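[1] I would like the atomic coordinates for the input below:
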Amino acid sequence: MPWWSYILIALAVILMVPYIRLLFKRISLYFMLKSFCKQEKLILHRSSMLWWLGIKKGGRCNFYIEAPDSIYSVKLFPVLKRKCCFHFLEERKYYIEKFLIFFGLYGSSARFSFKSRIHNLGELNFKYKFNEEWNTKEFIPILLFNPTCASVKLKTDNNEQVIGDGDAVYEFYIFGMKGLMKKISNGIN
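    Model prediction:
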């Protein structure tokens, strides 16, 4: 095998690391949700066969969590790089800011940021395959970042605010997995 093929294989593995991370995070999410719903006596309703993989471009919610008084409609949203910042903009647009850090001698460092192109979030259908019996319950639409990133921000005009678990953006609430489980547990008790 020529020497350059080893370089190509190493490069392919490096480029696949974020996608491998995504797969492991989603498998972990599957088992974590199943266990959580069983422990809290909740009902997990999936909206498709591979609901736990949830693609970003679909626009449809991936699953519902039914509690006694409320229904949580969840759309999965992946962020491939852990050390990046996700920015929501006005008019349902977003971009991702990635960082490149160089460490120098004696503990010095330099950080450069690169912004991705602006993406359109589009309309999200949080009532995809919605059961008519749920209309009597409180409806809570959630955008679940899994895997998540370092921070999420909302930019309006010249202001920028940090978004945390449970904060509303557009018509839905933003959560990470641990924050969502905590919110549902507190809502039940």
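[2] Nearest the geometric middle of the protein, what residue?
    Within the chain, the residue whose C-alpha comes closest to the C-alpha centroid is Phe145; the distance, by C-alpha atoms, centre = their mean, is 1.5 Å.
[3] Distance of it relative to Tyr170?
    Summarising the geometry, the distance separating Phe145 from Tyr170, computed by C-beta to C-beta, to the nearest Å, is 15 Å. Every residue, glycine included, has its C-beta placed from N, CA and C.
[4] what's the following helix or strand after the worst-scoring helix or strand of the chain on mean pLDDT?
    Comparing every helix and strand of the chain by mean pLDDT, DSSP states H and E singles out strand 109-115 as the least confident one, with a mean of 73. The first helix or strand that comes after strand 109-115 along the chain, using DSSP states H and E, is strand 119-120.
[5] Direction included, what does the helix or strand following that next one pair up with?
    Moving toward the C-terminus from strand 119-120, the first helix or strand encountered (DSSP H and E) is strand 138-145. Based on DSSP bridges, the strands next to strand 138-145 in the sheet, each with its direction, are strand 70-77 (parallel), strand 172-175 (parallel).
[6] Not counting its own residues, what contacts the shortest one?
    Residues lying outside strand 172-175 but in contact with it, judged by C-beta atoms under 8 Å, 6 or more residues apart in numbering, are 75, 124, 126, 140-145, 152, 163-168, 183.
[7] May I see the buried residues of the helix or strand just after it?
    Moving toward the C-terminus from strand 172-175, the next helix or strand (DSSP H and E) is helix 177-188. Along helix 177-188, these residues count as buried under the neighbour rule (16 or more other C-beta atoms under 10 Å): Met177, Gly179, Leu180, Met181, Lys183, Ile184.
[8] Give me the contacts around stretch 34-54.
    So stretch 34-54 is contacted by 26-27, 29-30, 33, 60-67, 75-78, 128-129, 131, 181, 184-185, 188 (C-beta under 8 Å, 6+ apart).
[9] at 6 Å what do you get?
    Taking contacts as C-beta atoms under 6 Å, 6 or more residues apart in numbering, the residues outside stretch 34-54 that touch it are 26, 29-30, 61-67, 76, 128-129, 181.
[10] pLDDT of it, averaged?
    Stretch 34-54 shows a mean pLDDT of 85 in the predicted model.
[11] Please point out which parts of it sit buried.
    Taking 16+ other C-beta under 10 Å as the criterion, stretch 34-54 shows Phe36, Cys37, Leu42, Leu44, His45, Ser47, Ser48, Trp51, Trp52, Leu53, Gly54 as buried.
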